[in-house]
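Student: Structure of the sequence below:
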Amino acid sequence: ACAVRPGLSPRTVGRSRGSRSPAQADMLLDEITYVAILVGSIPIGLCLKHTGSVTREVGASVIGFSIVAATCGLHTIHSAVCIIVTWFITRFCSRNCYNLTLAWMFLYLLFFRLLILFELAQPSPFTNAVQLLLTLKMVSVAAEMTPLVKETDRPGIHPPPEAAPTLRRILTYSYCYMGIITGPFYRYHTYQDWLGEKDLAAIPSLRPLIHRLRWAPLYAASFLGASFFFPQSFAQSEEFASAGFLYILLYTAAIFFVFRMRFYTAWTVSEASCMAAGLGAYPVSSRPKPGLGPSIKAEQTSEPKVYNYETIRNINPYKTDFCASVKDGMRNWNMTVQWWLANYVYRRAPFHARMLRVGWTMLVSAFWHGVHPGYYLSFLTIPLCLAAEGVMETGVRERLGEWGQKVYDGLHWFWALRAYDYMCVGFVFLGWRETLIYWSHLYFYQHLLSFALFATGYLLSPADRRSHPGPPAQPAPPLSPPTRSPDNMDFLRPPPAQHERELPSLSSLSVTPSKASTTATPSKASNSPTRSKTSTSLTPPSSPRSSKITTLFRSSKSSVSTVPPTPSSSPQPSRAAIPTIETPPSPASSSTTSTSSKKKQ
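Tutor: Coordinates of the predicted model:
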């Protein structure tokens, strides 16, 4: 920093840091409490893993409730009220429990954030963290009770519950100590699987836990060192405001580095506490995903099962730091919450346009984080960045060669990381005035650059791709069945009738019967084929991509004829490439066909 701005000396930085204020002392005490809770959860999980189902359920909930009561005090009543009302909704309003629970939890979250307007005691940061995670859990419980969500779950992975969860089970799920303050979020089904696992003690957890924690000391040391040399308070001083653009740009990157290291440390240790208890362990063959759990049914083999803990994975530091785009960075940051937003907000948004759905999701995410204007300023910048990189992918990257795309990807990575530096300002300073003043020091360069990139990519994109920017979708094979996954609703359609048959797309058709049957070949001289009194036509589809031809087998008196291709259709293939369909004739059809042949002759 001193090298970039010569007028700023280390002594000046030291004066700007100054002594700790009472608010900073309280923040330091909260940080120590967070670390103590997270680290202490690891040995507790190792002990609970070797107990029975009832002991795990009661023990985990008692420990979690004790943590909430000790850190929140009288504000524990907020979580208790939310849990009881949610149970009442799922018990007596099961048909619309998802919409009612979503409205109830977010309205209560608004009331909770505005307690200061009612001249009530302001809750502690721990209470706010508990309410955030509890909102996700309660909506998840209600969503898993709705018919839509039960239908989209693949059969055999998570059978739908026969009745609403009991009040005891919702209480124990809500107050389970794992992830109660820092996350990760896990579904009610994941919690049920943890309680019902009979061989939980045999599932390895110690070695995966150590492997997950191998970088945690480096994250913690980087956080402490960077926060000491780049304090947040200095960014609000008059000396910082008079610095140059390049200095502020580099300092913004340092602030985001401190922000990342703090959450890398917290989320890594929180994941380790879940792994110590065996929560979120599923066979690798079931392809678990963060937040969701198993995406397919596990294969039943005689070989020993191999488990992983992807279900409770909340952060991928490497892919976050080296993300290929803004979209990829979002997918690898707070991954379980991203899954919750994608499935419970984005896919249920009251809009059809993709950018409107993304904007709606970011708005809900900002409201979930808090009511501070900085959240909204940052989150509502994300759709602009996503739109810019989408049209640039279509209009610029696809036109480049191999080396050009590598250079484009490097520049894209640098821009994406600077975009996150820019948007991190709203999370750090929270207020709209402080955020806009900081962005004004940077001349709002990210907003202007995103608009310029969007305009450039839009003008260079093909006209038919402007409404759907990004990489083109790969077409599925013609005869491949629909993929049955929780993200695909095609498998809910009824199967085709027995009289329907899928055949390749044909431009002409030759039907060669057996001895007594008829050969129907399109005439070369005219476009009208020979027809009998009652015939069934095999008409090729107008689109060359279509692969379905419906053949209707009627009475035994019917014969087969064909309709030749229209002049605009594809050229006729050679006779060797024409498929042959043999139909067993009946005596009636044979006599009718022979009579018509004699008349023609």
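
Student: Test my guess that residue 409 contacts residue 323.
Tutor: No. Residue 409 lies out of contact with residue 323 (Cβ atoms under 8 Å); the separation is 10.9 Å. Using the backbone N, CA and C atoms, a C-beta is placed for each residue, glycine as well.

Student: and these two? which has more neighbours close in?
Tutor: For residue 409 versus residue 323, neighbours defined as other Cβ atoms under 10 Å are more numerous around residue 323 (21 against 14).

Student: can you tell me the helix or strand for the closest residue to that one other than its chain neighbours?
Tutor: For residue 323, ignoring the flanking residues on the chain, the nearest one in space by Cβ to Cβ, 6 or more residues apart in numbering is residue 329 at 3.7 Å. Taking DSSP states H and E as the definition, residue 329 sits inside helix 326-331.

Student: What's the first helix or strand after that helix?
Tutor: Towards the C-terminus, the helix or strand next in line after helix 326-331, according to DSSP H and E, is helix 335-344.

Student: Other residues contacting the very next helix or strand once past that next one?
Tutor: With elements assigned by DSSP H and E, the helix or strand that comes after helix 335-344 is helix 354-369. If you take Cβ atoms under 8 Å, 6 or more residues apart in numbering as the criterion, helix 354-369 is touched by 106, 109-110, 132, 135, 341-342, 345-346, 349-351, 375-376, 378-380, 382-383, 386-387, 468.

Student: same deal with stretch 41-52?
Tutor: Here stretch 41-52 makes contact (Cβ under 8 Å, 6+ apart) with 55-56, 59-60, 63, 177-178, 200-201, 205-206, 209, 269-270, 272-279.

Student: how about it: buried residues?
Tutor: 41-42, 44-46, 48-49, 51 (16 or more other Cβ atoms under 10 Å).

Student: Identify, from those residues, the entry nearest to residue 222.
Tutor: For the buried residues of stretch 41-52, the closest approach to residue 222 (Cβ to Cβ) belongs to residue 42, at 21.3 Å.

Student: what helix or strand does that closest one sit in?
Tutor: For residue 42, the host element (DSSP H and E) is helix 22-48.

Student: Check residue 77 too.
Tutor: Under the criterion of DSSP H and E, residue 77 resides in helix 76-92.

Student: could you say what helices and strands the longest helix anywhere in the chain packs with?
Tutor: Scanning the chain for the helix with the most residues, using DSSP state H, yields helix 245-277. For helix 245-277, the packing partners by 3 or more Cβ pairs under 8 Å, 6 or more residues apart in numbering; DSSP states H and E come out as helix 22-48, helix 206-212, helix 216-229, helix 317-321, helix 402-429, helix 432-441.

Student: what sits against the residue nearest to residue 138 when sequence neighbours are not counted?
Tutor: Leaving aside its sequence neighbours, residue 138 sits nearest to residue 86 (Cβ to Cβ, 6+ apart; 4.4 Å). Each residue near residue 86 by Cβ under 8 Å, 6+ apart is listed here: 101, 104-105, 138, 141-142, 170.

Student: re the thing from before, among the helices and strands packed on helix 245-277, which is nearest residue 246?
Tutor: It's helix 432-441; of those, that one is closest to residue 246 (Cβ to Cβ) at 11.4 Å.

Student: Just confirm residue 290 contacts residue 309, I think it does.
Tutor: No. Counting by Cβ under 8 Å, residue 290 does not reach residue 309; the two are 9.8 Å apart.

Student: Between these two, which is the more surrounded one?
Tutor: Under the neighbour definition other Cβ under 10 Å, residue 290 and residue 309 were set side by side, and residue 290 has more, 25 against 22.

Student: how near is the more buried one to residue 310?
Tutor: Residue 290 sits 6 Å away from residue 310, going by Cβ to Cβ, to the nearest Å.

Student: What of residue 225?
Tutor: Residue 225 is 31 Å from residue 310, where distance means Cβ to Cβ.

Student: More neighbours: those two, which one.
Tutor: It is residue 310, of residue 225 and residue 310, that has more neighbours when counted by other Cβ under 10 Å, with 21 against 12.

Student: pLDDT score for that one?
Tutor: pLDDT recorded at residue 310 is 93.

Student: so what's the backbone phi/psi at it?
Tutor: Backbone geometry at residue 310, expressed as degrees, to the nearest 10, gives phi -70, psi -20.

Student: wouldn't it be in contact with residue 289 here?
Tutor: Yes. Residue 310 lies in contact with residue 289 (Cβ under 8 Å); the separation is 6.3 Å.

Student: So which residues make contact with the helix or strand following the helix holding residue 42?
Tutor: Note on helix 22-48: by DSSP H and E, the next helix or strand toward the C-terminus is helix 53-72. The contact list for helix 53-72 (Cβ under 8 Å, 6+ apart) reads 33, 37, 44, 48, 51, 76, 78-79, 123-124, 126-127, 130, 171-172, 175-178, 180-181, 194-196, 200, 277.

Student: Sketch out the low-pLDDT regions of the stretch 1-150 of the chain for me.
Tutor: Applying pLDDT under 70 to the stretch 1-150 of the chain picks out residues 1-27, 119, 146-150.

Student: at 50 what do you get?
Tutor: For the stretch 1-150 of the chain, the stretches flagged by pLDDT under 50 are 1-19, 148-150.

Student: Likewise for the chain?
Tutor: Within the chain, the ranges that satisfy pLDDT under 50 run 1-19, 148-159, 162, 473-601.

Student: Please give me every residue in contact with the closest residue to residue 400 other than its chain neighbours.
Tutor: Closest residue to residue 400 apart from its sequence neighbours, by Cβ to Cβ, 6+ apart: residue 408 at 5.9 Å. Neighbouring residues of residue 408 by Cβ under 8 Å, 6+ apart: 396-397, 400.

Student: Name the residues that touch stretch 244-261?
Tutor: Stretch 244-261 has contacts (Cβ under 8 Å, 6+ apart) with 1, 4-5, 8, 219-220, 222-223, 226-227, 229-230, 232, 235, 240, 243, 317, 320-321, 417-418, 420-422, 424-425, 427-428, 438, 441-443.

Student: what do you get for stretch 420-427?
Tutor: Contacts to stretch 420-427, defined as Cβ under 8 Å, 6+ apart, come from residues 249, 252-253, 255-256, 259, 326, 329, 373-379, 381-382, 435, 438-439, 442, 445-446.
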